[in-house]
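Peer 1: Below are the sequence and a predicted model; questions follow.
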Amino acid sequence: MKENLESFFQIKYPRFELIFSVAEEKDPATALVRACMQKHPLVDAKLIVGAVQVGPNPKVNNLVQSYQGAKYDVMVISDSNVRVAPDYLERLVSEFDLGTGVVTGVVAGHAPQGVGGHLEATFLNTFYARWMVLSASLGWPTCVGKSMIFSRATMDRFGGIQNMGRYLAEDYMTGAAMQKLGLKVKIARDPIAQIIGRHRFEDFWNRHIRWGRIRKSQAPLALFFEPLCGSILSGALGAWAFKSLWGVHPLHFLTIHLGLWFICDALLMLVLKAELKIYTPGVWLARELLSIPHWLHILSGNTVNWRGNQLKLNAGGVLAEGGSK
Amino acid sequence: MFIADLHLHSNFSDGSLAIPEIVDLYGARGFGAIAITDHLCESRTVLGKAAVYMNRSLTPAVFPLYMEILKSEAMRAWKQYKMVLIPGIEVTKSRRVANHHSARVLGLGIKEFVSADARIKDICTAIRAQGAIAVAGSTKRLWDRRNELRDSFDAWETTDGRKLMTDVMKSEFPKLATSGLHKPKHLNSWKTVFKCDRDPQAILHAIKTQDIAFTYYDEATNDIFEFVNVRDLGINGLNHPDRYRLDVGSLSLRSIKALRKKRAHHQTAGLDLEAAQRRRERDERESRELFPN
């Protein structure tokens, strides 16, 4: 995390302010931020400790004070597991024009460790990246909270960030609200580098149950057809069709189908500057095979585990009142 | 005196325009009031669920965003155009796809979410409990139950875009003319004329007391700032803002006859005089049917 936080102090931009928001003093990031601030006294930075309870979404609660106290109108929200380049702001701002409500980016997983970490990186660099680009090209309001630039004046037109506190996917709803205002939701050319680090298998599983259930509450039809966009179910259907129509052996079809699919995904990983290793095909196949039970698990409930809280998700991505249960 | 359109759809349901775009569309044309009334469908029926899945309906989840955007746009509409923006909904109950099987209730001046799953009478009660008014949409399903629902509604829509609902026009029920705009091309349609202050409560009160008149707005031939539409209704001296001496209450629906004749007259300016004559005869026939006396 230290390197990630440090990268924000390396940003080159004429005039900007860095605000770090932590919910409580005992957060491990607090000491790291203070150390960085001491190391870079010329960077206009401040640390805000304390959450304002505006709804069940802890991230939004954490951001309210920073949102209200920021010096400038144009704001960028980023997570602590994101590492940015020195020209990050310059490149992001260059895509943010008058008709645009928010500019976000495709998340690229880097430096994974452990089984869960590798599965996570593969998920982000293949399936998730593909979905983001597809949904953006279809005009759906895809927006990722790991990096989004917007104007506070525009955000205030739908009640400010505090109005997002009732939603679990505050980023998606921000994009949706911008579209309702007739503004564009853009995907930046540069991917957002998320440093994955060490993840256990259950971390990966629970995280994507959460993301999947958010998708289920926001766009249930799209989630229902999601497996058809993966290699396994489409491969099985293709194998059956080719066997019925032309007598092609299912194993031959599946080998070619999965091989071609992997090549496309590997190209996407290269575009996202992800590391390709000798074991990448194995991790990729495991992730693809897990996608079906994962999808069934997502369909089986409406609760999500986030930051140690079990939260109930209602239709439209609204968190049940009372939050944790 | 001003012209208002109180039944408009934005991209929160099946409209093609965003709320700010609607504000600019009407504001730039000098309208005095508009109401955004997006569809709010049932959550239990198949058609209602389909509308929700396809983002064609307001839901409890997006309703707070809808209201916030309406609030901020109402402020901008007033500041920039001196136009009132009234928050509204169109509760839509559909048994089948065909329009005559659906029941639509406009809620004008709403503040909170209303469930479309309740009975029509209960929906009207819920709307009125918020200080809003309930207007019956121009659908056969509601009109067939008009005597039973008479007391539930504050007014009945008498137009369906460009079409005049003759049954409603002839009746003694309180009326309201709106466009039901989904796309900019629906702008040419029937509108309501108010003489009250540009204030949401005054507008809702005027609908209840029927201190209103109707006019046909046509972009191609009329200049809204000079109130040519209203002059067409038979009122003189409206071209100068300091000479507005219009008793809107005295505007009877019979004036529509004059408007229709006037429109037919305008159309004779075209090249096809025979067609214009046919149109005029048709208009007169319709007028006789509408106002036998």
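Peer 2: Alright, I've got the coordinates. Note that the structure is predicted; figures quoted are calculated from it, not measured.
Peer 1: Let's verify the residue of the stretch 101-250 of chain B found nearest chain A: helix, strand, or coil?
Peer 2: Of all residues in the stretch 101-250 of chain B, the one sitting closest to chain A is B:Phe113 (11.7 Å; Cβ to the nearest Cβ). Just so you know, the C-beta spots here come from the backbone N, C-alpha and C atoms, and that holds for glycine as well. Recorded secondary structure, B:Phe113: coil (DSSP: H, G, I helix; E, B strand; the rest coil).
Peer 1: do the same with A:Ala29
Peer 2: Per three-state DSSP, A:Ala29 ends up helix.
Peer 1: Report the contact partners of it.
Peer 2: Residues near A:Ala29 by Cβ atoms under 8 Å, 6 or more residues apart in numbering or on different chains: A:Met1, A:Leu5, A:Phe20, A:Val22, A:Ser80.
Peer 1: Looking at these, which are in strands?
Peer 2: In strands, defined here by DSSP state E, the members of the contacts of A:Ala29 are A:Phe20, A:Val22.
Peer 1: what's A:Phe253 in contact with, if anything?
Peer 2: Applying Cβ under 8 Å, 6+ apart, the residues contacting A:Phe253 are A:Gly235, A:Gly238, A:Ala239, A:Phe242, A:Lys243.
Peer 1: in the stretch 51-200 of chain A, which spans are helices?
Peer 2: Under the criterion DSSP state H, counting those that start in this stretch, the stretch 51-200 of chain A contains helices at A:58-69, A:88-94, A:114-123, A:129-137, A:152-156, A:170-180.
Peer 1: Packed most tightly, which of the ones you listed would that be?
Peer 2: Most buried of the helices of the stretch 51-200 of chain A, by mean neighbour count (mean count of other Cβ atoms under 10 Å in any protein chain shown): helix A:170-180, with a mean of 25.
Peer 1: Does that helix reach chain B?
Peer 2: Yes. Judged by Cβ under 8 Å from any Cβ of the partner chain, helix A:170-180 comes into contact with chain B at A:Met173, A:Ala176, A:Ala177, A:Gln179, A:Lys180.
Peer 1: I'd like the average pLDDT over that helix.
Peer 2: Regarding helix A:170-180, the rounded mean pLDDT is 91.
Peer 1: One more: stretch A:39-54?
Peer 2: Taken as a whole, stretch A:39-54 carries a mean pLDDT of 90.
Peer 1: and what of stretch B:69-84?
Peer 2: 94.
Peer 1: ok, now stretch A:91-109?
Peer 2: 89.
Peer 1: Now that stretch: buried residues?
Peer 2: If you call a residue buried by 16 or more other Cβ atoms under 10 Å in any protein chain shown, then stretch A:91-109 has these buried ones: A:Leu92, A:Phe96, A:Thr100, A:Gly101, A:Val102, A:Val103, A:Thr104, A:Gly105, A:Val106, A:Val107, A:Ala108, A:Gly109.
Peer 1: same check, this time on stretch A:9-21
Peer 2: Of the residues in stretch A:9-21, A:Phe9, A:Ile11, A:Phe16, A:Leu18, A:Ile19, A:Phe20, A:Ser21 count as buried by neighbour count, 16+ other Cβ under 10 Å.
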